[in-house]
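S.K.: Quick one: sequence and predicted model below, then my questions.
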Amino acid sequence: MIIRSVRRLAAVTGACLLGVTLLTATPAHAGVLGDVRNDLPSSYTVKIGTFGGGTSTCKTWNAGSQRCYHWWLPSGRDDDGIRPGMDTDGFMVEQPVLVVLRTGVGIHVAAFSWTKISDLESVRCSLSPSASCVISS
């Protein structure tokens, strides 16, 4: 009887430790990374970038010039399809685009000009009815 109780206690303790291990193995920023989705037609070139390093310079309209790494984001894809778990810091469209901020204010952004986003923001670029990228939280 005592051996059975010790075995049960060991099994429950092991399950609890496994649960704690899995919870702590999840990055602290999971679910709060900047995300970008490109639903523009393939005739629009969209790029995503991470700021703070890299050999390129991304010139933003809202945060000055940033050292960056950047990647092409194909039509119909999101940044997690390019780099899973990526923290996207900004995006750029190689054509003029309307960027709609979380406040609802629309900014006409020139072609090749980057827009910096925060970790809590998501972006969806689409034609509705013209090329626009809507930032939401």
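M.R.: Okay, I see it.
S.K.: Identify the residue spatially nearest to the most centrally placed residue in the chain, adjacent ones excluded.
M.R.: Averaging the C-alpha coordinates of the chain gives a centre point, and the residue nearest to it by CA atoms, centre = their mean is residue 35 (2.3 Å). Using CB to CB, 6 or more residues apart in numbering and skipping the chain neighbours, the partner closest in space to residue 35 is residue 122 (4.4 Å). Where C-beta positions appear, they are placed from N, C-alpha and C, glycine not excepted.
S.K.: Which other helices and strands does the longest strand seen in the chain contact?
M.R.: Longest strand in the chain by number of residues (criterion: DSSP state E): strand 46-59. Under the contact definition 3 or more CB pairs under 8 Å, 6 or more residues apart in numbering; DSSP states H and E, strand 46-59 sits against strand 35-38, strand 65-72, strand 90-93, strand 114-116.
S.K.: do that again at 6 Å, thanks
M.R.: If contacts are counted by 3 or more CB pairs under 6 Å, 6 or more residues apart in numbering; DSSP states H and E, strand 46-59 sits against strand 65-72, strand 90-93.
S.K.: Need the winner for burial among those.
M.R.: Comparing the helices and strands packed on strand 46-59 on average neighbours per residue, with mean count of other CB atoms under 10 Å, the densest one is strand 90-93 at a mean of 25.
S.K.: and after that strand, which helix or strand comes next?
M.R.: strand 97-100 (DSSP states H and E).
S.K.: Direction included, what does that following strand pair up with?
M.R.: Strand 97-100 has the following sheet partners, assigned by DSSP bridges: strand 106-109 (antiparallel), strand 131-136 (parallel).
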